[in-house]
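Engineer: Below is the sequence, then the predicted model.
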Amino acid sequence: MSDGADREILEQLRELRAADPPTHGGRVLSYVYDSGRSDLDVLAREAAALFQPVNGLDPTTFTSVAVLERDLVRFVRGALHGDEDVVGSVTSGGTESCLLAVKSARDRSGAARAGLVMPTTAHPAFRKAAAYLGLDLLEVPVEPGGAVDAARFLAVVDEHREDLALAVVSAPSYPTGTLDPIEAIAAGCAERGVDLHVDACVGGLVLPWWPDAPPPWDFRLPGVTSISADLHKYGYTPKGASVVLYRGRERHLAQYFATSSWPGYPVVNPTVLGSRSATALAAAWALTRALGHDGYAELVRRTAEATTRLRSVVERIEGLSVLGTPTGPLLALTSSGEGGVDPFLLVDAVRARGFLLQAQPAFTQPDGSLLPRSAHATLTPVSLDIVDELGGAIAAAADEVRGVAPPQPDLALVAQVAETGLPDRLAGVMATLESLPRDQSPTLLARLLAAVIDPDASAVG
């Protein structure tokens, strides 16, 4: 292929990327995690390139893979106060880490129909794991501020103890940034002999250095038997890197799949994937080496300062408040008082000012209580550079939509989205999705997303 053809191909890719929101600079407050350090981006890119042809399937062939994975597990284990009894694997992301933790617990439980108990705010990865692996999902409603009550949680554990494979809590939960009462729940699970997984996919590389350290939530608690922590979130590595850790090697081995029941080579897969890229693994190894504990501490300091400053701005805005008592860099903004600020309208108005918050629909819990709709913001170190501009954008957007009637459901919007793609303003779409019964919305959401990537569909996105 000629140099000219190569340049044309790359130019087409640049044009496609130009249509995306910016992944650097702190203007997208979900999905991306920007350290604000371009040198780390360069290091990650060069490390990944070195391992581009490597297949992570077999670390006995590519022995470099074993070294990288051991070092990453050791680093995260140390950050989470694990001792030599704590082992684990690097995975492709938080969903895979959570799924493997559930598989390990299910296989070790021996129950014909195992159960998984968790707060309603636990990540959907656990719903996915329950669906994939055939577990009964037991959801515990949370309090209005987003935290689950430990006594209520343990009462559900007691009720289903005979068939329970795993209990799950969050450090912190994504929707509200709330840290579950892990210390009390871990003690209760230990007394009952129930495995407890802490989902720290978001907080695993933040909370160890967070100012005003939160109560113990990691392997310092004997009742915690496994933890998931994402390197590609606040580890600032390229997407495709997470760690799942277990207390005890038997728990770790239970996540493996191994077989010699075919005519080919013996197959041993520690994770869901067989062949897997080593690029994210290499980049994660390089970045954790470059940053170390002191480097992460400095990035967390910047993140915490940005979070504190933005929260103080929000708390002064009439009709808007921070939901609950978050621990860490996640904030959920919700309407407060008479004629408050509707979060869906706020998201659209802030977007028009150059920042992307994430709309979170209201949620009816199994006991009938309601968690309000909110606007989610994930803060990162680079947020400190633009926090005044971001706070000003939120304040101005709140002034624009304060007292405006909340958007109402309109099923005609569903057909419109399927035909022409998402509109610039999404408040009406989110209100419509929010109104759908929980047993109907998944099918609709799947169809809408499938249409975006269907080569023969008319929808644009």
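Structural biologist: Everything's here; your move.

Engineer: drop to CA atoms for contacts and neighbour counts, all remaining ones
Structural biologist: Will do.

Engineer: tell me which helix or strand of this protein sits lowest on mean pLDDT?
Structural biologist: helix 412-420 (a mean of 71; mean pLDDT, DSSP states H and E).

Engineer: give me the element the residue nearest to residue 279 when sequence neighbours are not counted is part of.
Structural biologist: In space, and not counting its chain neighbours, residue 279 is closest to residue 48: 4.2 Å by Cα to Cα, 6 or more residues apart in numbering. Element membership of residue 48, judged by DSSP states H and E, is helix 38-50.

Engineer: domain assignment for the protein?
Structural biologist: Following automatic domain parsing, one gets these domains for the chain: 46-288, 412-453.

Engineer: Going along the chain, name the helices of the stretch 151-300 of the chain.
Structural biologist: Assigned by DSSP state H, counting those that start in this stretch, the helices in the stretch 151-300 of the chain fall at 182-192, 249-253, 279-315.

Engineer: which one of these lies closest to residue 200?
Structural biologist: helix 182-192 (11.5 Å; Cα to Cα).

Engineer: Show me what the closest one is packed up against.
Structural biologist: In terms of contacts (3 or more Cα pairs under 8 Å, 6 or more residues apart in numbering; DSSP states H and E), helix 182-192 is packed against helix 150-159, strand 164-170.

Engineer: let's see 7 Å
Structural biologist: In terms of contacts (3 or more Cα pairs under 7 Å, 6 or more residues apart in numbering; DSSP states H and E), helix 182-192 is packed against helix 150-159.

Engineer: hang on, residue 353 packs against residue 395?
Structural biologist: No - at 10.9 Å, residue 353 does not count as touching residue 395 under the criterion of Cα atoms under 7 Å.

Engineer: Spatially, what comes nearest to residue 109 if we skip its sequence neighbours?
Structural biologist: residue 165 (5.4 Å).

Engineer: typo on my end, it should be residue 324
Structural biologist: In space, residue 324 is closest to residue 145, 3.7 Å off (Cα to Cα, 6+ apart).

Engineer: Settle this for me: that neighbour is touching residue 321, isn't it.
Structural biologist: No - counting by Cα under 7 Å, residue 145 does not reach residue 321; the two are 11.5 Å apart.

Engineer: Out of the domains of the chain, flag the one nearest residue 347.
Structural biologist: Closest to residue 347 of those, according to Cα to Cα: domain 412-453, at 7.8 Å.

Engineer: Between its first and last residues, how far does that closest one reach?
Structural biologist: 22 Å (Cα to Cα, to the nearest Å).

Engineer: Kindly list the main-chain dihedrals of the closest residue to residue 26 other than its chain neighbours?
Structural biologist: Excluding its sequence neighbours, the residue lying closest to residue 26 (Cα to Cα, 6+ apart) is residue 383, at 5.2 Å. For residue 383, the backbone dihedrals are phi -60, psi -30 (criterion: degrees, to the nearest 10).

Engineer: Quickly note the distance from residue 359 to residue 369.
Structural biologist: From residue 359 across to residue 369, the span is 20 Å (Cα to Cα).

Engineer: More neighbours: which of the two?
Structural biologist: Legend: neighbour count by other Cα atoms under 10 Å for residue 359 and residue 369, higher for residue 359 (23 against 13).

Engineer: now that one, nearest residue through space, not along the chain?
Structural biologist: Nearest residue to residue 359, sequence neighbours excluded (Cα to Cα, 6+ apart): residue 375, at 4.8 Å.

Engineer: re the thing from before, out of the domains of the chain, which is closest to residue 19?
Structural biologist: Between the domains of the chain, domain 412-453 lies closest to residue 19; by Cα to Cα that is 13.5 Å.

Engineer: The stretch 351-461 of the chain: strands as residue ranges?
Structural biologist: Assigned by DSSP state E, counting those that start in this stretch, the stretch 351-461 of the chain shows strands spanning 358-360, 363-364, 370-371, 374-378.

Engineer: got a list of contacts for the last one?
Structural biologist: So that's strand 374-378. 29-30, 329-334, 343-344, 347, 357-361 (Cα atoms under 7 Å, 6 or more residues apart in numbering).

Engineer: Out of these, name the ones that lie in helices.
Structural biologist: Residues of those located in helices (DSSP state H): 343, 344, 347.

Engineer: Give the full set of residues in contact with the second one.
Structural biologist: Neighbour list for residue 344: 359, 375, 427 [criterion: Cα under 7 Å, 6+ apart].

Engineer: Residue 371 too?
Structural biologist: By Cα under 7 Å, 6+ apart, residue 371 lies in contact with 144, 362, 363, 364.

Engineer: If we use 8 Å, what do you get?
Structural biologist: 144, 146, 362, 363, 364, 365 (Cα atoms under 8 Å, 6 or more residues apart in numbering).

Engineer: Return the member of these nearest to residue 68.
Structural biologist: residue 146 (37.4 Å).

Engineer: could you dump the contacts of residue 344 to TSV with pLDDT?
Structural biologist: Formatted as TSV, the contacts of residue 344 follow (pLDDT from 0 to 100):
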residue	pLDDT
359	97
375	98
427	90
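
Engineer: quick one: low-confidence ranges for the chain?
Structural biologist: Applying pLDDT under 70 to the chain flags residues 1, 112, 417-418, 420, 457-461.

Engineer: run the last query once more with 80
Structural biologist: Residue ranges of the chain with pLDDT under 80: 1-2, 111-113, 339, 411-424, 440, 444, 447-449, 451-452, 456-461.

Engineer: Using CSV, write out the CA atom coordinates for the strand or helix carrying residue 97.
Structural biologist: Assigned by DSSP H and E, residue 97 falls within helix 94-109. This file holds the C-alpha atoms of helix 94-109, laid out as CSV (Å, rounded to 0.1, in the frame of the first residue of the first chain):
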residue,chain,number,x,y,z
GLY,A,94,-14.5,-3.9,35.4
THR,A,95,-17.3,-5.9,34.0
GLU,A,96,-15.0,-8.9,33.4
SER,A,97,-13.5,-8.5,36.9
CYS,A,98,-17.0,-8.5,38.5
LEU,A,99,-18.2,-11.4,36.4
LEU,A,100,-15.2,-13.5,37.4
ALA,A,101,-15.7,-12.7,41.0
VAL,A,102,-19.3,-13.9,40.7
LYS,A,103,-18.2,-17.0,38.8
SER,A,104,-15.6,-17.9,41.5
ALA,A,105,-18.2,-17.5,44.3
ARG,A,106,-20.9,-19.5,42.4
ASP,A,107,-18.6,-22.4,41.6
ARG,A,108,-17.3,-22.6,45.2
SER,A,109,-20.8,-22.3,46.7
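
Engineer: Identify each buried residue in it, please.
Structural biologist: Neighbour counts over helix 94-109 (16 or more other Cα atoms under 10 Å) mark 94-107, 109 as buried.

Engineer: what's the closest of the residues you listed to residue 53?
Structural biologist: Among the buried residues of helix 94-109, residue 96 lies closest to residue 53 (Cα to Cα), at 22.7 Å.

Engineer: Now do the helix holding residue 48 against helix 279-315, angle only.
Structural biologist: Interaxial angle, helix 38-50 versus helix 279-315 (axes from the mean of the first three to the mean of the last three Cα atoms, to 10 degrees): 150 degrees.
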